[in-house]
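Student: 3D, please:
(2 chains)
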Protein chains: 2
Amino acid sequence: MTTTLTIAELGDLIERILLRAGLAPVQAGPVARVILAGERDGAKSHGVYRLDGALQTLKAGKVRGDAVPRVTSRQGDAIIRVDAGFGFSSPAFELGLPVLAEQARASGIAAMVVNDCTHFSALWPEVEAVADHGLAALVMCPSYATVAPAGGSRPLLGTNPLAFGWPRPGREPYVFDFATSVAARGEIELHRRAGTLLPDGWALDRDGQPTTDPDAALEGAMLPFGGHKGSALSTMIELLAAVMIGDLTSPEVLEVLGTTGLSPVHGELVIALAPERFAAGREGDPFARAEALFAAIEAQGARLPSQRRYAARKVALAGGITLTKAESDHLALLLERGLDAVG
Amino acid sequence: MTTTLTIAELGDLIERILLRAGLAPVQAGPVARVILAGERDGAKSHGVYRLDGALQTLKAGKVRGDAVPRVTSRQGDAIIRVDAGFGFSSPAFELGLPVLAEQARASGIAAMVVNDCTHFSALWPEVEAVADHGLAALVMCPSYATVAPAGGSRPLLGTNPLAFGWPRPGREPYVFDFATSVAARGEIELHRRAGTLLPDGWALDRDGQPTTDPDAALEGAMLPFGGHKGSALSTMIELLAAVMIGDLTSPEVLEVLGTTGLSPVHGELVIALAPERFAAGREGDPFARAEALFAAIEAQGARLPSQRRYAARKVALAGGITLTKAESDHLALLLERGLDAVG
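Tutor: Here you go, the predicted model:
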């Protein structure tokens, strides 16, 4: 027996679960919205499945459920700073976003730094939110040390996601969001559970030797995508979104948390750019020209990123979100018993 | 018989060749410096070898040898605009760099747009120049349509390089600079000349089918590195460093030039970030923390990017630059006969 809820109903249920678990309203609303976005878009690993991870992190005392984020930069600063107060990242991001958007529109380019936050969501909801302000966005953050640098042998870098968004007036933005590791840790976990071997080039064992055994990989290190290029990008993310913003690098996150089983506490960097400010005085409308580029990509049969998510969203908007019996039973249990229902 | 010149001597020779070919002094100096940097760092494909390409582009009337670049933005703008006037990119870059550096130091983040330039150099000299001002830098530009998007079949994207620099006080910066195609076009050319097959995954033939035949690849399309991730990055570069800045995309460049044999005319985007501004008020010195990260990478036996170039530079600084007889004969011919010596 499945249950189908409207998007609003599921959002409300998630928020009530978070409040029941002890999150303050200032935290519960934004966290619920980002979990709902994952479920709505069929990104199951970032949907209601993530509730448990978030609540485990809360139960372990590694995130403050009552943190009140605040913007600490002054009006007109090109760097918008948001102190998440060791709460979740989403409330801090939501608070800073309009300030970032105003500054980027005014001067063409601006950055937002979120410090001291627990970040468990994908980055695409964030680039999409920036793009909804008519801005292009680059977002990056470190993770925990689980990836060896190219040519190395041991975990040092994180899976360090990089996301980008470009606004498309009247429709969903062009958005990509990918791990700089060749695979996500969850994909290795799936191979382990299925008893299948990993593809070549995904991982090293604990001795730094290539392995296709999921167990050996989980004890060893993942590899960056694209060899030395992906490794360089991942290093850049450690530099810009940890070292430069005065927050934890991936090895430091792992040291502080002591596990990859909880959501990482660290910082995040957002760069927002106003296309019409950059294009001012030049020929051609940047948004129309971008559409011509997208059309040329699709004319080859190539897909733009995020299309699967947008298709799932359309289905959810029209017909709601369907949960399995196990999922809705679990949500009911979380609502009834709060953190006691969390492993 | 080889010839060994000091770095200064070779720089002087290159500049005289460019002047002899008809470049105005405002163009010849910066162009000579970037070609010299390639030769000095052992990056042969960007060294004196590039003189011919630059001069062929001049001879074909596709670059203005007397262009005088100018900064068109106002003081205090977060976007520094440099109009290269359809000259080479280097004079425009050199002109705008101090303005960019001042703005980035003042506000933490700033962008520089170079428009209407012919760009034949690697991007690492530019990120290195920004890093010499104590700033981190991201630089990108499109190229010509020679790369198919992931899942596509025909050339559309350029080899679209992405470069990044992080300043390391007292030593050469951390710098990477890579094509977002799996290989550079020149590497396919080398396989063709050597009569060897390409590795799998480099290219498609003119029917959009995978090929390892260099000739078929040159008539077909190259592929992005890292599958859909590299393809997404390359698309981002078309959006930010062409569409957004009101300059030519890679397919437009190819249409305007009609050949991949000349240097592309397009624009360029530089984003500069001041680490100490971002880190202000947070614990830890970002430059010291970056060194700890670099040390941890090297402790695994992994190499930082650009180390081969820096080693070659050390040799050149100590003992000069050695040219083969063919190279020095060719330079002598260029100096004597100017554009008449260019094919």
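Student: the longest helix anywhere in chain A packs against which elements?
Tutor: Counting by DSSP state H, the longest helix found in chain A is helix A:89-107. Helices and strands touching helix A:89-107, by 3 or more C-beta pairs under 8 Å, 6 or more residues apart in numbering or on different chains; DSSP states H and E, are helix A:25-40, strand A:70-71, strand A:79-83, strand A:109-118, helix A:124-131, strand A:265-273. Using the backbone N, CA and C atoms, a C-beta is placed for each residue, glycine as well.
Student: so for the helix or strand of chain A with the lowest mean pLDDT, what gets flagged as buried?
Tutor: When the helices and strands of chain A are compared on mean pLDDT, DSSP states H and E, helix A:185-194 comes out lowest with a mean of 90. Neighbour-count burial for helix A:185-194, counted by 16 or more other C-beta atoms under 10 Å in any protein chain shown, picks out A:Arg185, A:Glu187, A:Ile188, A:His191.
Student: close to chain B: what parts of the stretch 51-200 of chain A are there?
Tutor: Taking C-beta under 8 Å from any C-beta of the partner chain as the measure of proximity, the stretch 51-200 of chain A contacts chain B at A:72, A:77-79, A:107-111, A:113, A:115, A:136, A:148-154, A:156, A:164, A:166, A:174, A:176, A:178.
Student: now the spatially most central residue of chain A: closest residue in space that isn't a chain neighbour?
Tutor: For chain A, the residue nearest the mean C-alpha position is A:Ala122 (1.9 Å; C-alpha atoms, centre = their mean). Residue nearest to A:Ala122 in three dimensions, not counting chain neighbours: A:His46, with 4.9 Å by C-beta to C-beta, 6 or more residues apart in numbering or on different chains.
Student: ok, A:Leu218 next?
Tutor: Once flanking residues are discounted, A:Leu218 sits nearest to A:Ile188: 6.1 Å by C-beta to C-beta, 6+ apart.
Student: just the residues contacting the regular element (helix or strand) spanning A:Gly230, thanks.
Tutor: Using DSSP states H and E, A:Gly230 sits within helix A:228-238. By C-beta atoms under 8 Å, 6 or more residues apart in numbering or on different chains, the residues outside helix A:228-238 that reach it are A:140-142, A:147, A:149-151, A:157-158, A:160-162, A:180-182, A:224, A:249-250, B:164, B:166, B:174, B:176, B:178, B:225-226, B:229-230, B:293, B:297, B:302, B:305.
Student: PyMOL command for the buried members of those residues?
Tutor: In PyMOL, this line selects whichever of these come out buried by 16+ other C-beta under 10 Å:
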select buried, (chain A and resi 140+141+142+147+149+150+157+158+160+161+162+180+181+182+224+249+250) or (chain B and resi 164+166+174+176+178+225+226+229+230+293+297+302+305)
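Student: shaky segments in chain A?
Tutor: Along chain A, no part satisfies pLDDT under 70.
Student: contact partners for the closest residue to A:Gly47 other than its chain neighbours?
Tutor: Nearest residue to A:Gly47, sequence neighbours excluded (C-beta to C-beta, 6+ apart): A:Glu39, at 3.2 Å. Each residue near A:Glu39 by C-beta under 8 Å, 6+ apart is listed here: A:Leu10, A:Gly47, A:Val48, A:Ile321.
Student: of the residues you listed, which is the most crowded?
Tutor: Neighbour counts for the contacts of A:Glu39 (other C-beta atoms under 10 Å in any protein chain shown) peak at A:Leu10, which has 25 neighbours.
Student: how close does A:Pro305 sit to chain B?
Tutor: According to C-beta to the nearest C-beta, to the nearest Å, A:Pro305 stands 6 Å off from chain B.
Student: before we move on, back to that, so how far is chain B from the residue nearest to A:Leu218?
Tutor: Counting by C-beta to the nearest C-beta, the gap from A:Ile188 to chain B is 17 Å.
Student: now swap in A:Ile7 and tell me
Tutor: Relative to chain B, A:Ile7 is positioned 27 Å away (C-beta to the nearest C-beta).
Student: list the buried residues for the longest helix of chain A?
Tutor: Within helix A:89-107, the residues that count as buried by 16+ other C-beta under 10 Å are A:89-97, A:99-101, A:103-105, A:107.
Student: which other helices and strands does the helix or strand hosting A:Ile17 contact?
Tutor: Taking DSSP H and E as the criterion, the element that holds A:Ile17 is helix A:7-20. The contact analysis (3+ C-beta pairs under 8 Å, 6+ apart) places helix A:7-20 against helix A:25-40, helix A:49-59, strand A:321-323, helix A:325-337.
Student: any idea which of the ones you listed is most buried?
Tutor: Highest mean neighbour count among the helices and strands packed on helix A:7-20 (mean count of other C-beta atoms under 10 Å in any protein chain shown): helix A:25-40, with a mean of 22.
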